[in-house]
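Enquirer: sequence? don't have it. structure:
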């Protein structure tokens, strides 16, 4: 049987990837838009911390729940169609959020945004698998995450400023309308695969397995489960901080101005870009560096948060907050190692399904963290919370992060020995 040729790479591959990644950048803008609007949302809808966290929880819950269905859709219908549907859902959800004036419709809008967001990252990774040789996939995945941070930068710099100059409705409507341009780019310019069969394509010349068997086979692979727990443990601290609780913590808990808090959140974005480039270079040398990267990031993040939370009075110095934000910048890049485990231990015809399973991990942990922090903030605040929370309340609430951190670490160590053999596409 003749070997299936490797994807070609080259300029055409980078062009296809750039079109696909534009959708992911748009998705990150939508995903993180609430992170700089949390205080505005609390006033607009008249909600406390637990209810405010529900916005992000619903968004993340829908995202996580959609990962396996989206993986199946990508495997069966191709990433281009899935990306187009994702842009439509993102734009519709954000437009509805812009026009919402009450809690219920706004909550539904965040769910629609989560659904559209869920369709982007896996689709871009599948495009990369079809266009690039297997050895380049870890680097391309890191570059995809790095490009997504450009969307986060738009949120922390431009949207945060626009909210206070143009207002809620105009700012979120402008973000929704960006989808028109991105939809046109994908519809007119994206080729999801080069001509001819490649290892990154769909199953060549064979029947597609039943959906249930596709999911079961992906889950049985230890590399898929290890990928899920790596993603679970590494992604959530920075994700929960950027999606919702970072700005309130820095403004209300640490007494910073919005400008100072926005500057620190921008540091988180640039640190993520730095670690994306660094980890991409390291991972391109071979799979042996994957677990050392993961364990180092988990240990460093846990240690930094321990110092911040243990600082007398609950007001750590600025230099320590800067170190914390820089270290958390490694979280997103390290989480992509989980997707690399799933990719490299599954055959081509179920890459989307396996990636979807692994990609659920960090967002499940984020959802648990957002909920736990919101509930604890209200419990630890006099009168059940309200619009403001003390440094002591934030310190107690943020201790909740160690629950998913310890759980994930235990599962990684349990599965680590089972994934010691060679991967399918290293």
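Expert: Yep, that arrived. Everything quoted here is computed from the prediction, not taken from an experiment.
Enquirer: so, low pLDDT: which residues of the stretch 101-250 of the chain?
Expert: 196-209 (pLDDT under 70).
Enquirer: where does residue 47 land in three-state SS?
Expert: Three-state call for residue 47 (DSSP: H, G, I helix; E, B strand; the rest coil): coil.
Enquirer: next up, the contacts around it.
Expert: 41, 54, 103 (CB atoms under 8 Å, 6 or more residues apart in numbering). Yep, even glycine has a C-beta here, placed from its N, CA and C like the rest.
Enquirer: ok, and the most crowded of those?
Expert: Using other CB atoms under 10 Å as the neighbour criterion, residue 41 leads the contacts of residue 47 with 21 neighbours.
Enquirer: what lies in contact with the one helix or strand that one maps to?
Expert: For residue 41, the host element (DSSP states H and E) is helix 38-45. For helix 38-45, contacts defined as CB under 8 Å, 6+ apart pick out 34, 47-49, 51-52, 55, 101-103, 106, 163, 168, 244-245, 247-248, 251, 387.
Enquirer: buried ones among those residues?
Expert: Buried members of the contacts of helix 38-45, scored by 16 or more other CB atoms under 10 Å, are 34, 47-49, 51-52, 55, 103, 106, 163, 168, 244-245, 247-248, 251.
Enquirer: out of those, which are inside helices?
Expert: Among the buried ones among the contacts of helix 38-45, the ones falling in helices (DSSP state H) are 49, 51, 52, 55, 103, 106, 163, 168, 247, 248.
Enquirer: isn't the second one up against residue 104?
Expert: Translated: residue 51. No: between residue 51 and residue 104 there is no contact under CB atoms under 8 Å: 11.2 Å.
Enquirer: closest to residue 365 among the contacts of residue 47?
Expert: Comparing the contacts of residue 47 against residue 365 with CB to CB picks out residue 54 as the nearest, at 17.1 Å.
Enquirer: and the closest residue to the closest one other than its chain neighbours, how many neighbours?
Expert: Once flanking residues are discounted, residue 54 sits nearest to residue 107: 6.4 Å by CB to CB, 6 or more residues apart in numbering. Using other CB under 10 Å, residue 107 has 19 neighbouring residues.
Enquirer: ok, residue 359 next?
Expert: By other CB under 10 Å, neighbour count at residue 359 equals 29.
Enquirer: again, but for residue 306
Expert: 12.
Enquirer: quickly find the element holding it.
Expert: Judged by DSSP H and E, residue 306 forms part of helix 290-310.
Enquirer: what about that helix, average pLDDT?
Expert: Helix 290-310 comes out with an average pLDDT of 96.
Enquirer: give me the distance from the following helix or strand past that helix to the chain's centre.
Expert: Downstream of helix 290-310, the first helix or strand assigned by DSSP H and E is helix 318-328. Computed by CA atoms, centre = their mean, to the nearest Å, the chain-centroid distance of helix 318-328 equals 20 Å.
Enquirer: list the buried residues of helix 318-328.
Expert: 321, 323, 324, 325, 326, 327, 328.
Enquirer: and the residues you listed, which is closest to residue 393?
Expert: residue 321 (17.4 Å).
Enquirer: tell me the spacing between the nearest residue to the closest one once chain neighbours are set aside and residue 255.
Expert: Here the nearest residue to residue 321 in space, its sequence neighbours aside, is residue 264; by CB to CB, 6+ apart that works out to 6.4 Å. For residue 264, the distance to residue 255 (CB to CB, to the nearest Å) stands at 13 Å.
Enquirer: thinking again about what came up before, which among the buried residues of helix 318-328 gets closest to residue 229?
Expert: For the buried residues of helix 318-328, the nearest to residue 229 is residue 328 (19.0 Å; CB to CB).
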